[in-house]
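Asker: Sharing a sequence plus its predicted fold:
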2 protein chains.
Amino acid sequence: MLWLMDLRPLDHRSQYPLYRQLYEQIAEQIRSGRLAKGERLPATRELAGLLGLNRTTVSAAYEQLETEGLISGQVGRGSFVCRESRNAGVDWPSLLERNESAPANPKVSSAGEMIRFVTSSPSGALFPLDEVRTTCRAVLARDDLADILQLGSPGGYEPLRRYLLETARRQGLALTGDDLIVTNGCQQALDLIGRILLRPGDAVAVEDPIYPGLKNLLTGMGARLIGIPVGNDGLDLTLFEQALRRERPRFLVVTTDFQNPTGVTLPLSARRALLELAHASGVPVVENDAYGELRYHGESLPPLKQIDRDGGTVLLRSFSKVSFPGLRVGWALGPKPLMERLRCAKEAADLHTDQLSQAVLLEFAQSGRLEAHRARVLAAGAERLGATLDACRRYLPTGTRWTQPEGGMNLWVRLPAPLDASELLPRAQKEGVAFLPGRYFEVARREPGALRLSFAGLEPEQIRKGVETLGRVVAGAMENAADAEPAPALV
Amino acid sequence: MLWLMDLRPLDHRSQYPLYRQLYEQIAEQIRSGRLAKGERLPATRELAGLLGLNRTTVSAAYEQLETEGLISGQVGRGSFVCRESRNAGVDWPSLLERNESAPANPKVSSAGEMIRFVTSSPSGALFPLDEVRTTCRAVLARDDLADILQLGSPGGYEPLRRYLLETARRQGLALTGDDLIVTNGCQQALDLIGRILLRPGDAVAVEDPIYPGLKNLLTGMGARLIGIPVGNDGLDLTLFEQALRRERPRFLVVTTDFQNPTGVTLPLSARRALLELAHASGVPVVENDAYGELRYHGESLPPLKQIDRDGGTVLLRSFSKVSFPGLRVGWALGPKPLMERLRCAKEAADLHTDQLSQAVLLEFAQSGRLEAHRARVLAAGAERLGATLDACRRYLPTGTRWTQPEGGMNLWVRLPAPLDASELLPRAQKEGVAFLPGRYFEVARREPGALRLSFAGLEPEQIRKGVETLGRVVAGAMENAADAEPAPALV
């Protein structure tokens, strides 16, 4: 019975079922040879009693062990180990099986001819390659080139860090108690914040729908996601308030401008109300502001970070969406105690962010080339957003609805019931157009008819043609749905 | 009593004491207002029974709550909540207190005049700046510059990934079932492997002593470190075998060439034996090979990855030590199932490694400039290592011992008892020389007299002068120790 002492306590808060946790531990003991062939396992009732588990949990674990051929049950006698310990060597599948994997990312065709409304990233055709070359040459001529190549600081390349912090101060974004650290884009800032504030089973409030990169990151850390539904005016504050009260999330992640995937923006009054709610319950707000600088028309609204004078908000920004996502440079601005911990977590994760790209982006910004590039990106973005909205109006069948972004890279389309965007995707791809179905963005709310159109990387003519094709596919599916036999009533 | 239902199960395996875990949860409930002022807590005996804890654990938690002014005990009546819920707003210190911080890194003076044997990184004076400039210009002229600036793949910039994998195949390092992914240096590869294979409380075998970056990373993940003592011939295989049997580590991290901090190398026979032991118990080996290409003399030994034909070893390498640590590019080579999971973890962590630096380092390697630079680094390293060993012989007092590395960047010095290197450091810094005391590298084995000398970044004359100063400081301390009153016997 020695092996019982080696069982680790099960995690009752985990999304991973208890019986699987128990199964894995026993399977590991059998595979490792600690439980030898022929040994008798305790009766399910007995083990359930010893471990304080429900008997059905133990039975389910035993059934799984039997299915895998690790034990066999003999009526009236009990269950016996029937497999030899594994052959020597590393059993990668079983090692890797133990820790839950993040859900796989969507796979969509990358065929060259396809019009791909798939990636929320800028158009490579807009990259000002000559200006990038000039910028890099200026960096190569710098006196501190050797310092750039040498081991750096976890907080960031100091000239860039100072530039970003001073800019934030000038823009009224930084409080006196704030500090700034450079990260590998917003994604790493989110990762580091999660590492610092989360333990498995903790709740985190996020927008619903939300982009898969954030969902996968947080669920991979064992967080419970509390989805706050997003409407045409951003997240639902009534439900946010309920979630604060009922779920006590460790923090909220919110994108106030041009949210990914919906493209919607939180109005000013809602920003104030959100901060009040978060403040009252002491819950930090992580403002994931990847798109804020990509407003094509309408009035700019202040980020939460600028309104919040109480130091409860962390602002994440990045060069990725506004310039070059291949250079992985973003930053986090927030209260010093948190930033100090982020520095430590950053050092543990990868020492520091690549310094060549930090120096290049600093030069790109300080030379005024970033601002000039942004002006071109805004002009192109306005044209592409206009083309998208226009094409939706012209080509999507009646009953289809979509959001009305004023910036960013994404627009959210809702097809009329009973259409399912996932089912439509293969047909659309066959016709030469790809998008991401809503289910990749779901937290709790099911929207089978929803899909994301990421327009920023496409030319206006591609957009027109792509949405026209999509409209045809949707119309076809609507006809089929109308033709289908009505489903029998389920009483 | 509703609040009891909200208590999360305590982690009995955590290094964080149970009473602290319980204290924190109750304190959080008081601060959040869920436990209101005036409410009565259960008697310690009662709560201990309900939670299946020792009564002293509950008492210790209550004492802490009382010390903090959150509850007050009234004789014969019990303990009552006596603090109002906190003022609104985010209480950063209490949020950050909950998750354990990695131990702080050593702070040593960075005064300009100081001879700093502190950083295991290459000499910036050796960086071939003009060749770096030529290399970057070649990258800027590439046809695929726009692709380099665009969002990339979690596995790495494909031309670099392919180049590294083909090189590894040519060198007999890659098995047919292997794959390779690019990371932000070896540090991130270790981080990603930990995320995939570890859950809090898991054991990991590491060398003892080990560099703080790895220790902090793993303990920050909640791993239990099993230190395998390192002697002059690398880690102790008898103790490794015991650890495999008793502790069942999830994996071993080992640096076979020029280990950091000791500088020692594992002999070929021991490499074979290590692999056999790991293979027999099915434990993966992570070969953290940052220094293998920096052998200044003596015969090269095959990495474990090359000897292991059973796919149980993952090889981590990087451009950092051999070229420019400010460009964060390393890679992991190992079995496909693990690499596939690393790709997912990498994507969650920061999408992908910076592509400009990947392209620059690829060009630096393919143009032959890396190899030419390495030849210069080897020549300089041989000179610096020679100067270090020579200075140790000349200047360190009798009774001092040190390792005899044949490459790398570090050497391990053991001062005669009863000297304590941490106590010596302030005196040494006053005399103008800095080093890292052994305690920063300790896992379980105490070596107060040990210290690391990182020599690669210093000129031979600095090395001579620094070790001479160190020798003087050590000799002075030995005299003081001899003069001291003998301590009274402790019976």
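Answerer: Okay, I see it.
Asker: Pull the contacting residues for residue A:183.
Answerer: A:189, A:192, A:329-332, A:342, A:346, A:353, B:350 (C-beta atoms under 8 Å, 6 or more residues apart in numbering or on different chains). Every C-beta, even on glycine, is put in place using the N, C-alpha and C of the backbone.
Asker: ok, now with 7 Å
Answerer: Contacts for residue A:183 (C-beta atoms under 7 Å, 6 or more residues apart in numbering or on different chains) come out as A:189, A:192, A:330-332, A:346, A:353.
Asker: Please identify which of these is nearest to chain B.
Answerer: Proximity of the contacts of residue A:183 to chain B (C-beta to the nearest C-beta) peaks at residue A:353, which lies at 7.1 Å.
Asker: How about the secondary structure of the closest one?
Answerer: Secondary structure state of residue A:353, per DSSP: H, G, I helix; E, B strand; the rest coil, is coil.
Asker: pLDDT score assigned to the nearest residue to residue A:258 once chain neighbours are set aside?
Answerer: Distances taken as C-beta to C-beta, 6 or more residues apart in numbering or on different chains place residue A:408 nearest to residue A:258, at 2.6 Å, with adjacent residues excluded. pLDDT for residue A:408: 98.
Asker: Of the contacts of residue A:183, which is the nearest to residue B:21?
Answerer: Proximity of these to residue B:21 (C-beta to C-beta) peaks at residue A:192, which lies at 23.4 Å.
Asker: quick revisit: among the contacts of residue A:183, which ones are in strands?
Answerer: A:330-332 (DSSP state E).
Asker: Export those residues as a markdown table, with columns for distance to chain B, neighbour count and pLDDT.
Answerer: What follows is those, written out as a markdown table (distance: C-beta to the nearest C-beta, whole Å; neighbours: other C-beta atoms under 10 Å in any protein chain shown; pLDDT from 0 to 100):
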| residue | distance to chain B | neighbour count | pLDDT |
| --- | --- | --- | --- |
| A:330 | 9 | 24 | 98 |
| A:331 | 13 | 25 | 98 |
| A:332 | 13 | 25 | 98 |
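Asker: How about the secondary structure of residue A:317?
Answerer: Assignment for residue A:317 (three-state DSSP): strand.
Asker: ok, it - contacts?
Answerer: Shown in contact with residue A:317 (C-beta under 7 Å, 6+ apart): A:289, A:330-331.
Asker: Any idea what it is bridged to?
Answerer: residue A:331 (DSSP bridges).
Asker: Pull up the residues of the stretch 101-250 of chain A that are close to chain B.
Answerer: A:101-102, A:119, A:121, A:124, A:127, A:129, A:132-133, A:136, A:140, A:145-146, A:148-152, A:184-185, A:187-188, A:191, A:196-197, A:199, A:201, A:216-217, A:220, A:248 (C-beta under 7 Å from any C-beta of the partner chain).
Asker: Among the residues you listed, the buried ones, what's the PyMOL command?
Answerer: Selection of buried members from these for PyMOL, criterion 16 or more other C-beta atoms under 10 Å in any protein chain shown:
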select buried, chain A and resi 102+119+121+124+127+132+133+136+140+145+146+148+149+150+151+152+184+185+187+188+191+196+197+199+216+217+220+248
